[in-house]
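Chemist: quick one, fold the following:
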Amino acid sequence: MRLYRSQIPRIAEDIVETLQLDGDIVVDPAHRKEAEDDLRAIMEEYLKQESRIVQETREHMEAHNITYDKFGKVKSEFADERGHPTGDDGIRWICGQVLEGFMISNHVDEVFGEDRTMKKTLMRIFRKHLIEEAELDREVRNRLKNLRPGTDKWEIEYRRVLNEVRGKRGLGT
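Modeler: Alright, predicted model coming up:
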């Protein structure tokens, strides 16, 4: 699963609303926006680090003439070196940060829920909002059947079509 910047506001709203309805947290209505802002900041910081790793991966691949089909493997190596969790591990990490944030936030009045229970709820919320990256990849590859993977033309078209599919689904980068 991959988190997109455009999804962050909806996810933050859903987290606060769901956990309040479940009785896990108490947020004064006057501080709800600030509580959601705290959650957005956690997710945006994660995406900044992710973006840095993606940029380093691209630069490394260009410098060493590595084809785009190896991107995931190379990115995973860079992420591991920096201790940056990705995929489901990244979402679990964000959930942990959210729970820690609730404990120190000036905008969350009380936390009643158990960590384990709230983490399950958070994971459910993220899964509901996030699109499987593999699903996007399958759609793009289906559109590029007439090109051979690994060629320069294929890599250029893959990026273009992927951006097009993301745009169509309302998933900015």
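Chemist: residue ranges with poor pLDDT in this structure?
Modeler: Applying pLDDT under 70 to the chain flags the ranges 132-134, 172-173.
Chemist: show me the contacts for the closest residue to Val108 other than its chain neighbours.
Modeler: Leaving aside its sequence neighbours, Val108 sits nearest to Phe102 (CB to CB, 6 or more residues apart in numbering; 4.9 Å). (Each C-beta comes from the backbone N, C-alpha and C, glycine too.) Shown in contact with Phe102 (CB atoms under 8 Å, 6 or more residues apart in numbering): Ile25, Val108, Val111.
Chemist: want to throw those residues into JSON lines with neighbour count, distance to Thr151 and secondary structure?
Modeler: Output for the contacts of Phe102, formatted as JSON lines (neighbours: other CB atoms under 10 Å; distance: CB to CB, whole Å; DSSP: H, G, I helix; E, B strand; the rest coil):
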{"residue": "Ile25", "neighbour count": "21", "distance to Thr151": "52", "secondary structure": "strand"}
{"residue": "Val108", "neighbour count": "22", "distance to Thr151": "52", "secondary structure": "coil"}
{"residue": "Val111", "neighbour count": "16", "distance to Thr151": "53", "secondary structure": "strand"}
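Chemist: what kind of secondary structure is the residue in the chain sticking out farthest from the centre in?
Modeler: Going by CA atoms, centre = their mean, the residue of the chain most distant from its centre is Asn146, 30.9 Å out. Secondary structure for Asn146, judged by DSSP: H, G, I helix; E, B strand; the rest coil, is coil.
Chemist: need phi/psi at it.
Modeler: In terms of degrees, to the nearest 10, the main-chain angles of Asn146 are phi -80, psi 0.
Chemist: mind listing the helices for the chain?
Modeler: Assigned helices in the chain, in chain order: 8-21, 32-63, 71-82, 87-104, 115-129, 133-143, 152-168 (criterion: DSSP state H).
Chemist: what residues sit buried inside the longest one?
Modeler: If you call a residue buried by 16 or more other CB atoms under 10 Å, then helix 32-63 has these buried ones: 32, 35-36, 38-40, 42-43, 46-47, 50, 53-54, 56-57, 61.
Chemist: packing partners of it?
Modeler: If contacts are counted by 3 or more CB pairs under 8 Å, 6 or more residues apart in numbering; DSSP states H and E, helix 32-63 sits against helix 8-21, helix 71-82, helix 87-104.
Chemist: I'm done for today, thanks for sticking with me.
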